[in-house]
Structures are given as C-alpha cells and as structure tokens.
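Trainee: Coordinates for the following, if possible.
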Amino acid sequence: MSEEKYEKLVRRRSCMKSKLTIFNNYLKLFKNISTLTDIDVLDLESRFNKFESVYAEFDKLQIDIEMLSEHLDDDVEERTQFEDQYHKLVATARSILNAQRPGEQRDSSLLSHEEASGFRSSCVRLPKIDLPVFSGHYQHWLEYKETFVSLIHSRQDINSVNKLHYLRASLKGSASLVIDKLDFKSENYEEAWTLLCNRYDNKRLLVNNHVSALFNIETIQTESYQSIRRLIDITNKNLRALATLDQPTQYWDTLVIHMMASKLDNLTHRKWEEHRNTLVNPPTLDIFITFLSNRYTYI
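Mentor: Predicted coordinates:
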C-alpha cells in the first residue's frame with residue numbers, strides 16, 4: 001500500500017516539475033525584450049503571483065515522499081534540483097519586473113533578503129533578491145557561480161559592501177567558513193569573491209567530481225518511471241557541467257551509453273540490447289536517451 005502511495009506521490013511531483021518548465025518557457029519570451037507593455041507587466045505579475053505558490057505545494061508533497069522513500073538520497077536530490085530551478089526562475093521573474101519600475105519603487109516593492117537572513121546594513125535597506133545557495137558541494141558550484149555572477153557580481157548598481165552582504169547571505173556550511181573572518185568593508189568584497197573562487201573554481205576537482213557523479217549513479221533494481229528519469233537527469237546534468245569545463249563530451253557517446261546501460265535493471269537492459277541489434281550504425285547518446293524516454297513514458 002505504501003509503495004502504491006509513493007508511486008502516486010512521485011507522479012504528482014512530476015506534474016509539479018512540469019509547472020517549472022511551463023513558467024521557464026514563458027519567461028524565455030521576455031529574453032530579448034527591454035521594455036514591456038503595461039499588459040505584459042500585468043500578465044507577468046499575475047502569472048508570477050500564481051507561480052510563487054508552487055513551492056509550498058511542492059514542499060508539502062516532497063515531505064510525504066521522503067517519509068515513504070526507500071532511497072532517500074535520490075529523493076533529496078530531487079528536492080535540491082527542484083529548489084535550485086524554482087529559485088532561479090523566481091529571481092529571473094523578479095529581475096524582469098524590477099527592470100520595468102523606477103528605482104525607488106523597485107527597491108520598496110521587495111522585502112530585504114538580509115532582514116530574512118539576520119543581516120542589516122546601517123545605511124540602506126537592501127532589496128530582496130532570491131539568491132542561489134551554496135554549501136560547499138563541488139557539483140553545485142558551477143550553477144551557483146553562474147547565477148550569483150548574473151544576479152549580483154556583475155551588477156553595477158550594487159556597491160561592494162552590499163555585494164558582500166549578498167555573498168554572505170548566499171553561503172552555507174563549509175562554504176560560509178571560507179570568508180567568515182572578513183569584516184563587512186567594501187574593500188573586502190573582491191577578496192571574499194577571490195577566496196571563494198580559489199577554493200571551489202578548481203577545474204581538476206570539478207571535472208573529477210562530475211565524472212565520479214556519472215559513474216556513481218545508483219543501479220536500478222526494478223524498472224520504474226522515476227528511476228529511469230533520474231538516470232537521464234543526473235547524466236545530462238553532469239555532462240552539461242563537464243562540457244562547461246571544456247571536456248569533449250560530444251565524443252563520449254559510446255562510453256556514456258555503456259555506463260548508463262550498466263545502471264539499468266535487467267528488463268530495460270534486455271530491451272535496449274534488442275533495440276540496439278536493430279540499428280545499422282552504432283547508437284548515439286540521443287538515440288539511447290530517446291529509447292529510455294519512450295520506455296518510462298509507457299511504464
């Protein structure tokens with residue numbers, strides 16, 4: 001009974017994840033538009049207000065899943081991926097709306113992130129920005145760095161002392177200790193950012209970490225929608241990271257297919273071998289991913 005309930009909850013979670021995709025596709029419409037019409041702004045605000053409730057729904061659902069899960073690490077990873085994407089979309093939407101408002105209205109329309117985090121500036125009340133969170137895990141560094149640079153580091157309208165506030169607010173765990181000894185002074189922001197990059201922007205360690213993540217994916221014991229979807233998602237995520245690190249992943253199809261196939265349950269693996277035998281040429285990774293996607297669609 002609990003297994004049946006778990007499967008039902010996981011399917012509901014997939015529906016929740018589709019809401020992220022829909023909102024992400026909607027935000028892409030504004031990518032090359034510098035000025036929005038009043039209708040565009042009202043439409044975005046309406047959709048954004050509705051979207052903000054998605055996290056509370058997901059959190060309640062995810063707690064129920066984690067209570068029943070026999071593979072808790074996998075489901076915690078699902079939470080992490082969802083939260084990362086959700087907060088990035090919230091930040092993007094707020095950034096678009098923020099750009100359409102005059103400066104005073106823009107700042108007063110958002111609550112202070114530092115207020116929520118226990119930080120204060122003695123001179124200004126900082127606008128709220130949904131920051132990425134980094135706790136020191138190398139597999140999350142590239143995504144964190146890209147988002148923080150876009151939202152904070154590259155901004156000319158945020159001074160150095162406020163950037164330091166935002167940087168501290170976005171760091172947790174071992175990552176926060178890297179800059180813990182620095183005082184809140186404007187001249188310390190660049191030093192703090194350099195210290196953080198020196199610690200985590202290590203190409204060799206990042207490559208090793210993402211390669212290890214590929215080979216350490218848990219083997220599927222029984223064919224299921226979520227296990228196949230997870231195999232695809234984790235593989236794609238780490239391959240994208242490795243490509244960003246200038247690794248020639250475009251030539252790795254045969255190796256990656258072999259690695260992924262070794263993680264399949266017996267039934268899916270047998271079906272793949274049967275399918276591969278019908279192919280004239282060696283399969284590409286796209287062909288393999290398509291095969292798996294078709295499999296979990298009909299499970």
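Trainee: how much space between the residue nearest to the spatial centre of the chain and residue 8?
Mentor: Taking Cα atoms, centre = their mean, the centroid of the chain lies closest to residue 84, which sits 3.6 Å from it. Plainly put, residue 84 is 25 Å away from residue 8 if you go by Cβ to Cβ, to the nearest Å. (Glycine included, C-beta is placed from N, CA and C.)
Trainee: so which helix or strand takes in the residue nearest to residue 76 when sequence neighbours are not counted?
Mentor: Closest residue in space to residue 76, ignoring its immediate chain neighbours: residue 66 at 7.1 Å, by Cβ to Cβ, 6 or more residues apart in numbering. In this structure, residue 66 sits in helix 54-68 according to DSSP states H and E.
Trainee: for that helix, packing partners?
Mentor: helix 2-28, helix 72-99 (3 or more Cβ pairs under 8 Å, 6 or more residues apart in numbering; DSSP states H and E).
Trainee: Name the stretch among those that sits most buried.
Mentor: helix 72-99 (a mean of 17; mean count of other Cβ atoms under 10 Å).
Trainee: Mind checking the pLDDT average for that helix?
Mentor: Mean pLDDT, taken over the full extent of helix 72-99, equals 83.
Trainee: What's the separation between the spatially closest residue to residue 271 that is not a sequence neighbour and residue 274?
Mentor: Residue nearest to residue 271 in three dimensions, not counting chain neighbours: residue 295, with 6.9 Å by Cβ to Cβ, 6+ apart. Counting by Cβ to Cβ, the gap from residue 295 to residue 274 is 12 Å.
Trainee: Between those two, tell me which one has more neighbours.
Mentor: residue 295 (18 against 9; other Cβ atoms under 10 Å).
Trainee: helix or strand for that one, which one?
Mentor: Here residue 295 is assigned to helix 285-297, by DSSP H and E.
Trainee: And the contacts of that helix?
Mentor: Residues external to helix 285-297 that are found in contact with it (Cβ atoms under 8 Å, 6 or more residues apart in numbering): 223-225, 228-229, 231-232, 236, 252-253, 256-257, 260-261, 268, 271-272, 275, 279.
Trainee: out of those residues, which are inside strands?
Mentor: Secondary structure defined by DSSP state E assigns none of those to strands.
Trainee: so of the residues you listed, which ones are in helices?
Mentor: Judged by DSSP state H, the subset of those located in helices is 225, 228-229, 231-232, 236, 253, 256-257, 260-261, 268, 271-272, 275.
Trainee: Which of those residues are buried, as a ChimeraX select command?
Mentor: In ChimeraX, this line selects whichever of the ones in helices among the contacts of helix 285-297 come out buried by 16 or more other Cβ atoms under 10 Å:
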select :225,228,229,231,253,256,257,260,261,268,271,272
